[in-house]
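Student: need the 3D shape of this:
(2 chains)
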Protein chains: 2
Amino acid sequence: METAQRSGCPINLTLEVLGDRWSLIVIRDLMFGNRRHYRELQTLSEEGIATNILADRLRRLVECGLVTRADDPEHRQKAIYSLTEPAIELVPLLVQMGAWGRRHLPASEELSIRAELLEKGGQPLWDELMDELRFLHLGAPRPADSVLGKLQAAYEAVVARRRRRARRTG
Amino acid sequence: METAQRSGCPINLTLEVLGDRWSLIVIRDLMFGNRRHYRELQTLSEEGIATNILADRLRRLVECGLVTRADDPEHRQKAIYSLTEPAIELVPLLVQMGAWGRRHLPASEELSIRAELLEKGGQPLWDELMDELRFLHLGAPRPADSVLGKLQAAYEAVVARRRRRARRTG
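Tutor: Numbers count the residues shown, from 1 in each chain, chains lettered A, B, ... in the order given. All right, here's what the predicted structure looks like:
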C-alpha cells in the first residue's frame, strides 16, 4: 500500500501502515463505536483527537484502502466512513492490543470490560463480530446476534454499577 | 507507564506506549532475532534503523519497563538488553500483526514464513514461544523444544528454496 517499504517483513509492513498513535484509534472508533461521521469521530473521541489529525488520518486510511468515504444517503451533505474487509480483519489485532493494555497498563474499568469479553470469547466471538462489521460496513447479511450490542450492554452495566458505588460512598 | 494518558481505554494505552513505527520493530528483533546488543540491533536491522532512533527507543522501552539493560557478563563493556515479562506477553499481538501484514500487504516470502507458522500454531505455540523467551530473557528453565529454532529452520529452508529457484531461472 505504500511505495517504498523499509522491509518486506509483515510486522514491519503493518507498522508502516498503522504504526502511529492515531490510525488505530480512528479504526477502533469506527469499529467498536460505529462512529461513521467525521463529527461523531471528533466530538465523541475519548482521547480528544484534534480535527487536523482526524482529517489527516481518515485521508490516509482511505488512501491505504482501509476506509471508504461515501455520501450518506440518510444525511445530505454528510460523508459516511466505512471499514473495508482488510480493516475488519484487524479485529484479532485490536483484541490483542486491548488484552495487553488491560493487563499491563492502568486501564479504566468501564473501558476494559469490552476488551475482557473479546479476549475471553476467542476466535469464535471475533468471527461473529467480523460478520456483524461486514453487515454494518459492507452491506453483508445481518447476523442473528449482535456482538456489539452485547459489548455495549456489558459496558453500560459497569458504568451503572460504578455510579451506584459512587453514590453509596459519596 | 506514562504520566498523562489520553484515556483509560486499553487499546489507547497500548498505542501510547507502543504506537510508533519503531518501538515494536525493536521488540520484534529482541524477540524473534534474539539480538541483545545495541550493535546487532543496529547493523542487522532489515529496516536500517538509525542509531539515534534505536538509542531513543531502547531508552524509552527501558523507562516503560518493557526492556531491561544490564552489563553482559560475557562481553566486557557491552550492555545486554532483555525483554521483561510484559514485553514477552506481546507475542500474541505481534503474531496478529504479522498475520495481518502477510495477508494484506506485500510481504516477502522469506520474511513471512515465521508469521505463517506462528499464526497456524495458535495459542499453544505462542505459549511455548513465551516460555522459551522467559528462558532466554528472564532466566527461567529451558523448555524441551525450541520454537525459535523451528522458525529459524523454516526461514532458512525458504531462503534455500528461493536460491535454488533463482539459479534455475538465472
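
Student: now the residue most central in space within chain A. Its backbone dihedrals?
Tutor: Among the residues of chain A, the one closest to the centroid is A:Arg28, at 1.7 Å (CA atoms, centre = their mean). Here is the backbone geometry of A:Arg28 (degrees, to the nearest 10): phi -60, psi -40.

Student: check A:Ala50 too.
Tutor: According to degrees, to the nearest 10, A:Ala50 has phi -70, psi 150.

Student: the strands in chain A, which residues?
Tutor: A:67-71, A:79-83 (DSSP state E).

Student: what sits closest to the residue nearest to the centre of chain A if chain neighbours are left out?
Tutor: B:Ile11 (5.3 Å; CB to CB, 6 or more residues apart in numbering or on different chains). In short, each C-beta sits where N, CA and C put it, glycine included.

Student: give me every residue that touches that neighbour.
Tutor: Applying CB atoms under 8 Å, 6 or more residues apart in numbering or on different chains, one finds that B:Ile11 lies in contact with A:24-25, A:28, A:94, A:97-98, A:101, A:115.

Student: just these now: which is nearest B:Glu40?
Tutor: A:Met97 (27.8 Å; CB to CB).

Student: count the residues that sit near A:Arg163.
Tutor: For A:Arg163, the count of nearby residues is 11 (other CB atoms under 10 Å in any protein chain shown).

Student: what pLDDT does it get?
Tutor: The confidence metric pLDDT takes the value 91 at A:Arg163.

Student: measure it to chain B for me?
Tutor: Distance of A:Arg163 to chain B, given as CB to the nearest CB, to the nearest Å: 16 Å.

Student: just A:Pro141 next, same as before
Tutor: Between A:Pro141 and chain B the computed distance is 23 Å (CB to the nearest CB).

Student: list the residues that contact the nearest residue to that residue once chain neighbours are set aside.
Tutor: Among residues not flanking A:Pro141 along the chain, A:Phe135 sits closest, at 6.5 Å (CB to CB, 6+ apart). The contact partners of A:Phe135, taken as CB under 8 Å, 6+ apart, are A:141-143.

Student: what is the burial count for the closest residue in space to A:Pro143 that isn't next to it in sequence?
Tutor: Leaving aside its sequence neighbours, A:Pro143 sits nearest to A:Asp131 (CB to CB, 6+ apart; 4.7 Å). The number of residues packed near A:Asp131 is 18, by other CB under 10 Å.

Student: same question for A:Val95.
Tutor: When neighbours are counted by other CB under 10 Å, A:Val95 comes out with 25.

Student: surely it touches A:Ala115?
Tutor: Yes: using CB atoms under 8 Å, A:Val95 makes contact with A:Ala115 at a distance of 7.4 Å.

Student: hang on, the earlier thing: of the strands of chain A, which is nearest B:Glu89?
Tutor: Of the strands of chain A, nearest to B:Glu89 by CB to CB is strand A:79-83, at 27.6 Å.

Student: domains in chain A, by residue range?
Tutor: A:6-86, A:89-170 (automatic domain parsing).

Student: can you give me the helices for chain A?
Tutor: Secondary structure of chain A (DSSP state H): helices located at A:10-18, A:23-32, A:38-43, A:51-63, A:85-88, A:91-104, A:113-138, A:147-169.

Student: what comes up buried for the shortest one?
Tutor: Okay, so that is helix A:85-88. Neighbour-count burial for helix A:85-88, counted by 16 or more other CB atoms under 10 Å in any protein chain shown, picks out A:86-88.

Student: same thing with the last one?
Tutor: Buried residues in helix A:147-169, defined by neighbour count with 16+ other CB under 10 Å: A:147-148, A:150-151, A:155, A:158.

Student: can you check the longest one too?
Tutor: Judged by neighbour count (16+ other CB under 10 Å), helix A:113-138 contains these buried residues: A:113-119, A:121, A:125-126, A:128-134, A:136-137.

Student: ok, now how distant is the residue nearest to A:Arg28 from B:Arg57?
Tutor: 21 Å (CB to CB, to the nearest Å).

Student: got it, and A:Arg76?
Tutor: If you go by CB to CB, the gap between A:Arg76 and B:Arg57 works out to 47 Å.

Student: looking at those two, which is more packed in?
Tutor: Set A:Arg76 next to B:Arg57 and count neighbours by other CB under 10 Å: B:Arg57 wins out with 21 against 7.

Student: just the pLDDT at that one, thanks.
Tutor: For B:Arg57, the model assigns a pLDDT of 97.

Student: what about A:Arg142, neighbour count?
Tutor: A:Arg142, neighbours per other CB under 10 Å, totals 11.

Student: OK, contacts around it?
Tutor: A:Phe135.

Student: pLDDT score for it?
Tutor: A:Arg142 is given a pLDDT of 97.

Student: now it, what are its backbone angles?
Tutor: phi -70, psi 130.

Student: single out the most deeply packed of the strands of chain A.
Tutor: When the strands of chain A are scored by mean count of other CB atoms under 10 Å in any protein chain shown, the highest mean neighbour count falls to strand A:79-83 (a mean of 19).

Student: brilliant, that's me finished.
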